[in-house]
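Engineer: Sequence and predicted structure below; questions after.
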Amino acid sequence: MNPPVILSARLVVDRPAFRLDIDLQAGAGEVVALLGPNGAGKTTALRALAGLIALSDGQITLDGRLLHTLPPENRPIGVVFQDYLLFPHLSALDNVAFGPRCQGASKAEARRAAAELLARVGLAERASAKPRQLSGGQAQRVALARALAVRPRLLLLDEPLAALDAHTRLETRSRLRRHLADFDGATILVTHDPLEAMVLADRLVVIENGAVVQQGSPAEIARRPRTDYVARLVGLNLYRGAAEGTRVKVGELLMHTAEPIDGPAFVAFSPAAVALYRSRPDGSPRNLWQGAIEGVERHGDNVRVHLRGPLPVVADVTPAAVAELDLSPGRQVWASVKAAETHAYPA
Amino acid sequence: MSGRLPRPLVVPAVLGLVFLVLPLAGLLIRAPWSTLPARLAEPQVLQALRLSLVTATVATAICLLLGVPLAWLLARTAFPGRRLLRALVTVPLVLPPVVGGVALLLVLGRRGLVGSWLDQTFGVTLPFTTAGVVIAEAFVAMPFLVISVEGALRGADRRFEEAAATLGASRWTVFRRVTLPLITPGVLAGAVLCWARALGEFGATITFAGNFPGTTQTMPLAVYLALETEPEAAVVLSLVLLAVSVIILASLRERWVGGA
């Protein structure tokens, strides 16, 4: 399924000691998540798309029209800001009616459209409430309704769930997912939460230090991370090396993999695939190395062990194994991974 | 903070309080309470009071009309000389009001730079008229409004304005429907200060507008004049001004200013 591309942008923003330079495309009905650590330039990219900061270079086209030459009020966009920025002096209804009013609708028309949208987000009965009387989840839905009320072709969401507590976030996320599925324009979602990105987006664009480091479907990115940041996000051990057949040289170590590959390659495997031993195991599995325990922490039902050494690795082991192995920090242990559990792909 | 209060702070603080409150108490103690109602009903008193309230209110309206946009200009735009302009705007705050009156006369007087043109073209003369009182009061009081509104604008969260822009609002709509409602407490506080300053205006008024009962003799002028001929009347007039100021400030403070 490849929807026609309606948003096509090259965003360049120069700041002292920072440069954002990314290419970005989005199709009709497609949700693209900009994922990255704090300070990567995600919000800068979003503000550039909205016209709230000027491009130093590049261009934005939406539906074949140049966007970057227009001021924000003339762009067919809807923005949901991180803390929603609902106008505190207006009711929920008038917040949503604000956009249609600015587009020239009469007061009655604008309110009718706003009431319809509020009903769609399930807040018909909160229409007369002021923003301070709304819960976080309700405010988020009003903000979404307000952004959709201008019938945008490009919907921009800045960390839409970050301000919510864990419980509300879950429910709001599934609601947001439904509304995004109904939206026929392009959606750009900025987030630092990989789960949020994977649940809400059709495609992820990972940004680090103002540049795109990886993009693709959530499944693709979860399987084949290309930077340490992405690997950490999706919870994999990731190494870069030189491959020759089913052997990849990572630093001083030779790793054996299932898939044959040649040239610069990544090797990735799950922490759960790592086995730990107090002494050198018999039968010598092919991927075996020694490391010192750096830290031990709880991870779900298991225990996550960080090893340092020639091949720093994260391993998930059961609590029973921890007791048996006496995994105290500083202790030297052996780690092994079966070739079949690794995944190698070109770098 | 609890414990023993430091004497070097408490003693001057109490002295300062006494210094501020004692004169007002003196006014209340020496007031001719028995003849008060009769004196208040005197036509000259009512006339001066009405003139004062009307001119101060009109002057405040003018200050709002011109001062809010001026504050916006100072707070939201960047242009060369903005800091100098800001300094100029606040000059009337520190200028002796009499000097302000003289300056107004030089510009708006019948032979003044603008005044002679007004006189010849429209037959309008401002000095020594009620309009002159309003101008003198507005000149002296406007900086209070501008500074208060500018502060409110600088304190307002600009991201609300950005949100409005992304919803298609022009800059004028943003100002009217988002910025102005957000800074309302600051505007009201500024208007109250401005009104109070206009109500008490003396130096610029007497210099530029003179002291004619019925047209330019406001309460402060009446108080000063009465002090020479009829000290008791001066006390009564002062009491009225005191009461008006306290009532207005107290009621506005609770309703609007306190919430800011």
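Structural biologist: Okay, I see it. Predicted model, so just to flag it, every value in this text is computed and none were measured.
Engineer: how far out from the middle of the chain is the lowest-mean-pLDDT helix or strand in chain A?
Structural biologist: None of the helices or strands of chain A scores lower by mean pLDDT, DSSP states H and E than helix A:319-325, at a mean of 82. Averaging C-alpha positions (CA atoms, centre = their mean, to the nearest Å) puts helix A:319-325 34 Å from its chain's average.
Engineer: what do you get for stretch A:224-238?
Structural biologist: Distance, centroid of stretch A:224-238 to centroid of chain: 13 Å (CA atoms, centre = their mean).
Engineer: go on, stretch B:153-166?
Structural biologist: That offset, for stretch B:153-166, works out to 29 Å (CA atoms, centre = their mean).
Engineer: and it, anywhere near chain A?
Structural biologist: Yes. For stretch B:153-166, a contact with chain A is found by CB under 8 Å from any CB of the partner chain, at B:157, B:159-160, B:162-166. Using the backbone N, CA and C atoms, a C-beta is placed for each residue, glycine as well.
Engineer: Just give me how far the longest strand seen in chain A sits from the chain centre.
Structural biologist: As assigned by DSSP state E, the longest strand anywhere in chain A is strand A:253-269. Relative to its chain's centre, strand A:253-269 lies at 27 Å (CA atoms, centre = their mean).
Engineer: Repeat that for stretch A:320-331.
Structural biologist: For stretch A:320-331, the distance to the chain centre is 34 Å (CA atoms, centre = their mean).
Engineer: and the end-to-end length of that stretch?
Structural biologist: End-to-end span of stretch A:320-331 (CA to CA, to the nearest Å): 18 Å.
Engineer: quick one: contacts of that stretch?
Structural biologist: A:276-278, A:292-296, A:303, A:305, A:317, A:333 (CB atoms under 8 Å, 6 or more residues apart in numbering or on different chains).
Engineer: Just flag the most distant two among these.
Structural biologist: Between any two of those, the greatest separation by CB to CB is 18.6 Å, found for A:277 and A:295.
Engineer: more neighbours, those two?
Structural biologist: Higher neighbour count among residue A:277 and residue A:295: residue A:277, with 15 against 12, using other CB atoms under 10 Å in any protein chain shown.
Engineer: give me every residue that touches the more buried one.
Structural biologist: With contact set as CB under 8 Å, 6+ apart, residue A:277 has these partners: A:325, A:333-336.
Engineer: quick one: which of these sit in helices?
Structural biologist: Secondary structure from DSSP state H places residue A:325 of these in helices.
Engineer: got a markdown table for the contacts of residue A:277, with distance to residue B:110 and neighbour count too?
Structural biologist: Converted to a markdown table, the contacts of residue A:277 look like this (distance: CB to CB, whole Å; neighbours: other CB atoms under 10 Å in any protein chain shown):
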| residue | distance to residue B:110 | neighbour count |
| --- | --- | --- |
| A:325 | 102 | 16 |
| A:333 | 101 | 19 |
| A:334 | 104 | 17 |
| A:335 | 99 | 20 |
| A:336 | 103 | 19 |
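Engineer: Quick check: closest non-adjacent residue to whatever residue of the stretch 101-250 of chain A ends up closest to chain B.
Structural biologist: Distances between the stretch 101-250 of chain A and chain B by CB to the nearest CB are smallest at residue A:102, namely 3.9 Å. Using CB to CB, 6 or more residues apart in numbering or on different chains and skipping residues adjacent in sequence, the residue nearest residue A:102 is residue B:168, 3.9 Å away.
Engineer: try residue B:153
Structural biologist: residue B:75 (3.8 Å).
Engineer: could you measure residue B:201 against chain A, distance?
Structural biologist: Taking CB to the nearest CB, to the nearest Å as the measure, residue B:201 falls 34 Å from chain A.
Engineer: So that residue lies in a strand, does it not?
Structural biologist: No. Under DSSP: H, G, I helix; E, B strand; the rest coil, residue B:201 falls outside any strand and is assigned coil.
Engineer: which ones are touching the closest residue to it other than its chain neighbours?
Structural biologist: Spatially, and ignoring its direct neighbours in sequence, residue B:201 is nearest to residue B:137 (4.6 Å; CB to CB, 6+ apart). Neighbour list for residue B:137: B:55-56, B:59, B:197-198, B:201, B:204-205 [criterion: CB under 8 Å, 6+ apart].
Engineer: What is the nearest of these to residue B:93?
Structural biologist: Using CB to CB, the contacts of residue B:137 come closest to residue B:93 at residue B:197, 9.4 Å.
Engineer: count of neighbours near the closest one?
Structural biologist: Using other CB under 10 Å, the number of residues around residue B:197 comes to 23.
Engineer: how about the nearest residue to it, chain neighbours excluded?
Structural biologist: Closest residue to residue B:197 apart from its sequence neighbours, by CB to CB, 6+ apart: residue B:141 at 4.1 Å.
Engineer: So which bits of the stretch 51-200 of chain B are right by chain A?
Structural biologist: So the stretch 51-200 of chain B meets chain A at B:157, B:159-160, B:162-170, B:173, B:177-178, B:181-182, B:184 (CB under 8 Å from any CB).
Engineer: Can I take it that residue A:160 is in a helix?
Structural biologist: No. Judged by three-state DSSP, residue A:160 forms no part of a helix; its state is coil.
Engineer: where does residue A:14 land in three-state SS?
Structural biologist: Classification of residue A:14 by three-state DSSP places it in strand.
Engineer: ok, back up a step: Three-state assignment for the residue nearest to residue A:102, please.
Structural biologist: Following three-state DSSP, we place residue B:168 in the coil state.
Engineer: hmm, back to that, among the contacts of residue B:137, which one has the most neighbours?
Structural biologist: Neighbour tally across those (other CB under 10 Å): the maximum, 32 neighbours, falls on residue B:205.
Engineer: Is that residue in contact with residue B:133, as I believe?
Structural biologist: Yes. Using CB atoms under 8 Å, residue B:205 is in contact with residue B:133, at 5.6 Å.
Engineer: list residues touching both of these two?
Structural biologist: Residues touching both residue B:205 and residue B:133 (CB under 8 Å, 6+ apart) are B:216, B:218.
Engineer: pLDDT weak spots in the stretch 1-150 of chain B?
Structural biologist: In the predicted model, the stretch 1-150 of chain B carries pLDDT under 70 at residues B:1-3.
Engineer: again with the stretch 1-150 of chain A
Structural biologist: Residue ranges of the stretch 1-150 of chain A with pLDDT under 70: A:1-2.
Engineer: Can you pull the residues of it lying near chain B?
Structural biologist: Contacts of the stretch 1-150 of chain A with chain B, taken as CB under 8 Å from any CB, map to A:50-52, A:71-75, A:77-79, A:81, A:85, A:87-89, A:98-99, A:102-103, A:146-147, A:149-150.
Engineer: ok now do the nearest residue to residue A:208 once chain neighbours are set aside, which residues does it touch?
Structural biologist: Leaving aside its sequence neighbours, residue A:208 sits nearest to residue A:40 (CB to CB, 6+ apart; 5.3 Å). Contact analysis of residue A:40 by CB under 8 Å, 6+ apart lists A:207-210.
Engineer: Whichever of those residues end up buried, select them in ChimeraX.
Structural biologist: Filtering the contacts of residue A:40 down to the buried ones (16 or more other CB atoms under 10 Å in any protein chain shown) takes a single ChimeraX command:
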select /A:207,208,210
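Engineer: would CSV of the contacts of residue A:40 with secondary structure be doable?
Structural biologist: Putting the contacts of residue A:40 into CSV (three-state DSSP) gives the following:
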residue, secondary structure
A:207, strand
A:208, strand
A:209, coil
A:210, coil
